[in-house]
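Trainee: Below: sequence and its predicted model.
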Amino acid sequence: MKKEDIRKLIEQMTLEEKAGLCSGDDFWHTKAIERLGIPRTMVSDGPHGLRKQDEAADHLGVNDSIKAVCFPAASATAASFDTEMIRRMGEAIGDSCQHEKLSVVLGPAVNIKRSPLCGRNFEYFSEDPYLAGKMSSSYIQGVQSRNVGTSIKHFAANSQEHRRMSSSSDADERTLREIYFPAFEISIKEAQPWTVMCSYNRINGVFASENHWLLTEVLRDEWGFEGYVMSDWGATARRPEGIEAGLDLEMPASGGANDRKIVEAVRAGKLDEKLVDLCCERILNIVFRYLENAKPETPWDKDAQHLMAADVAADCMVLLKNEDQLLPLSKEDEIAFIGEFAAKPRYQGGGSSHINSFKITGALDAAKEAGLKVTFAQGCTGDQASDAQIEEAVTAAKAAKAAVVFAGLPDSYESEGYDRTHMRMPEGQNRLIEAVAAANPNTVVVLHNGSPVEMPWIGKVKGVLEAYLGGQAVGLAVVRVLFGDVNPSGRLPETFPLKLEDNPSYLYYGGEGNRTEYREGIFVGYRYYDKKKMDVLFPFGYGLSYTTFEYSNLRLSAEKILDTDTVTATVTVKNTGSRAGKNVVQLYVGDVESTPLRPVRELKGFAKVELAPGESKDVSFTLDKRSFAYWNEEIHDWHVESGDFTVEIGTSSRDIALCANVYVESTVALPRHYDENSIFMDIMADPKAKAAIEPFMAKAMSMFGSGEEQSEQASEAVSEEMGMAMFQYMPLRSLMSFSPDMDPKMIEGLLNLLNS
Ligand code: BGC
């Protein structure tokens, strides 16, 4: 429907109808206004499959939803570093939405994995905002190519479950802009999601659902978001304030109470009715966009999607350890599969994303179906492993050529709604792994978890395969990787620290009462570990393959650019092994010298390349201003400080293979204002000011006991460098103390010159 027609519809609506349209009809529907021909539309969770609930719908999945296909969760798909793959997954989900008459799927969830403790990490992509943004925008493009909408969530800074509906995420602007916003920003600019879901929490004291800066100034005015904003379920605090801030749709609804508040506020002259109209317009745009493109005849081939889910999962697996090339296992050998998860994999997390899978394939079934010689011992139940279970597992391990222990986090250990309290796996599972590893030197651990775990047994096992929460077909994928049908190509989208206490947010995570200070600022994940040169268990970007790759010939299209230009980096990647495989080329940028505190390197490009043995390909990345910029709080904008930048190609944030430098020159002069308290160091850093101040400095320095004009005696005591080192922190006014011919008038004159 055309914009004018939607406006005409709104003109015909009563204030009550308009206020009513701004909240849900029930848990999952927008409201109908039958007399005007406006029908209800349905939304559904998401993100990695459909959780479409029936009429008697509840909130947290206690009631069954329809049978659907559960794809790998975002923690896993991020590990693929494969934007094309997640786009195809999005297309499949979009098709199922069309089939099920859903206007919007509630996802992707792109919050930053600030701490391993967040209960919902399994649903989030990464500790890195660029990776999260690129995966998210491809997912959105995939779903929306089918003419159904997405709801990118949870906007913003919702990186903990603890007190999630009351806590305030308190972070400075730079931290929000550089770490917590870009996944949203990239997605909105590149993929224009139909809707955005605002989060439960407050940001610097203001609820996201009534945050005008967030929902209007940043989201719409700056990034150009065109769709509607809905609240997370129950996230609306003060409804009229929400309308004013730009929250269009309250979900689910408040039994009419908040609709009445909107009406009262308008009648009392406290709320502009035009803002209510605007919310209605944005909602109806999407309602009709879906209706006019609805294709309920779209087939939903669940069996085909099950196989697709297996392909996706296989693309996500991260091989963390493979001593003596134990993997891939031989299909001729007898292998012991050990652990409950071999039979019943943990493949998804709890809460609103929980899918009622129409089929689940565990590794044991997959191996048997493939005719492999696999034995099985349960080994544990939940987080417990009894002595008898361990004994049985040890016997099975001893009898086999190799043992594969399926372990990780049980459901209760990580879920929406609450956080973890530690980073450990269940003690029972750790004991099981140690016992099996002692019984069979060829032990591999397959992990099912949504977030990092400690691995006290890492030195005792030969192989570790991180499967994350790999969706309902995860077993097929694991077997393909273990036995070499698929060459693993996933990379860690987050750092695995050695211990929880190493994590940069450790001291502040969870906060005090309703306040969580993001004191580590921009130093989240590898940005912190790399800066501190800390040992980690596995770094960001890490993952092994059954083949080997080599990078060479990194070249830049220019040695020097303006910040308004772009530079292209090209690198050659070669498969130097004997198997076909995919490589994730990672490009990091670092500022060689900078005034603001900056990470050593930040991911600014990645590409997944498939290569036959011996094959090589060129991979190119275009770097623009944002690749080099930091958020400058003074000008409230991205800024590049002129200077050299490193462009690095690596296999992880810790293993850099190639590096080139580019000089980027800023075209933006930062506002400078000097006063009598400005120190020489800052003035000297500004070339124009430096020229003006130099003559005065020389004089003052000689009096101070340094500089060219100093006496012989003074020069023995204080070298020129020492003098300068001490002098640089002095304020301008100190010229009067060290230069007798300076007076306040002259300082004023000098300041006029500097500030001109
Ligand atoms: C979750 C959202 C979800 C919504 C609807 C909320 O509790 O935070 O992610 O989409 O419920 O189920």
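Mentor: Perfect, I can see it now.
Trainee: buried stuff in stretch 267-286?
Mentor: 271, 273, 275-277, 279-286 (16 or more other CB atoms under 10 Å). In this view, the C-beta of every residue, glycine as well, is placed from N, C-alpha and C.
Trainee: swap that for stretch 159-173, please
Mentor: Under the neighbour-count criterion of 16+ other CB under 10 Å, stretch 159-173 has 159-164, 167-172 buried.
Trainee: got it, and stretch 342-353?
Mentor: Using 16+ other CB under 10 Å as the test for burial, stretch 342-353 gives 342, 345-353.
Trainee: same question, stretch 516-532
Mentor: Using 16+ other CB under 10 Å as the burial criterion, the residues of stretch 516-532 that qualify are 516-518, 520-531.
Trainee: which among these gets closest to Gly450?
Mentor: The closest of the buried residues of stretch 516-532 to Gly450 turns out to be Gly525 (CB to CB; 15.6 Å).
Trainee: host element of the nearest residue to the closest one once chain neighbours are set aside?
Mentor: Leaving aside its sequence neighbours, Gly525 sits nearest to Glu127 (CB to CB, 6 or more residues apart in numbering; 3.1 Å). Using DSSP states H and E, Glu127 falls within no helix or strand.
Trainee: Help me confirm that Glu127 comes into contact with Asn111.
Mentor: No - judged on CB atoms under 8 Å, Glu127 makes no contact with Asn111 at a distance of 10.6 Å.
Trainee: For those two, work out which one has more neighbours and name it.
Mentor: More neighbours surround Glu127 than the other of Glu127 and Asn111, with 30 against 26 (other CB atoms under 10 Å).
Trainee: contacting residues around that one?
Mentor: 112-114, 493-495, 524-526, 540 (CB atoms under 8 Å, 6 or more residues apart in numbering).
Trainee: filter these by proximity to the ligand?
Mentor: Applying CB under 6 Å from any ligand atom, the subset of the contacts of Glu127 adjacent to the ligand is empty.
Trainee: okay, the residues you listed in CSV with secondary structure and pLDDT next?
Mentor: What follows is those, written out as CSV (DSSP: H, G, I helix; E, B strand; the rest coil; pLDDT from 0 to 100):
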residue, secondary structure, pLDDT
Ile112, coil, 98
Lys113, coil, 98
Arg114, coil, 98
Pro493, coil, 98
Glu494, coil, 98
Thr495, coil, 98
Val524, coil, 98
Gly525, coil, 98
Tyr526, helix, 98
Phe540, coil, 98
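Trainee: Tell me the one among these nearest to Gly484.
Mentor: For those, the closest approach to Gly484 (CB to CB) belongs to Pro493, at 24.2 Å.
Trainee: ok now do that closest one, which residues does it touch?
Mentor: For Pro493, the contact set (CB under 8 Å, 6+ apart) comprises 75, 78-79, 81, 113, 125-128, 131, 540.
Trainee: same check, this time on Ile93
Mentor: Counting by CB under 8 Å, 6+ apart, the residues that Ile93 touches are 46-50, 71, 105, 142-143.
Trainee: Which residues of the chain lie near the ligand?
Mentor: Residues of the chain that fall close to the ligand, judged by CB under 6 Å from any ligand atom: 45, 106, 153, 232-233, 352.
Trainee: What's the ChimeraX line that selects buried ones from those residues?
Mentor: A single ChimeraX command selects the buried members of these (16+ other CB under 10 Å):
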select :45,106,153,232,233,352
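Trainee: okay if I get the residues of the chain next to the ligand as a markdown table plus pLDDT and distance to Met726?
Mentor: As requested, those are arranged in a markdown table below (pLDDT from 0 to 100; distance: CB to CB, whole Å):
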| residue | pLDDT | distance to Met726 |
| --- | --- | --- |
| Asp45 | 96 | 63 |
| Leu106 | 98 | 60 |
| Lys153 | 98 | 54 |
| Asp232 | 98 | 55 |
| Trp233 | 97 | 61 |
| Ser352 | 93 | 60 |
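Trainee: Of the residues of the chain next to the ligand, which belong to strands?
Mentor: Taking DSSP state E as the definition of strands, those contribute 45, 106, 153.
Trainee: Mind splitting this structure into its structural domains?
Mentor: Here the domain parsing of the chain from automatic domain parsing is 3-66+83-291, 302-494, 549-665, 680-755.
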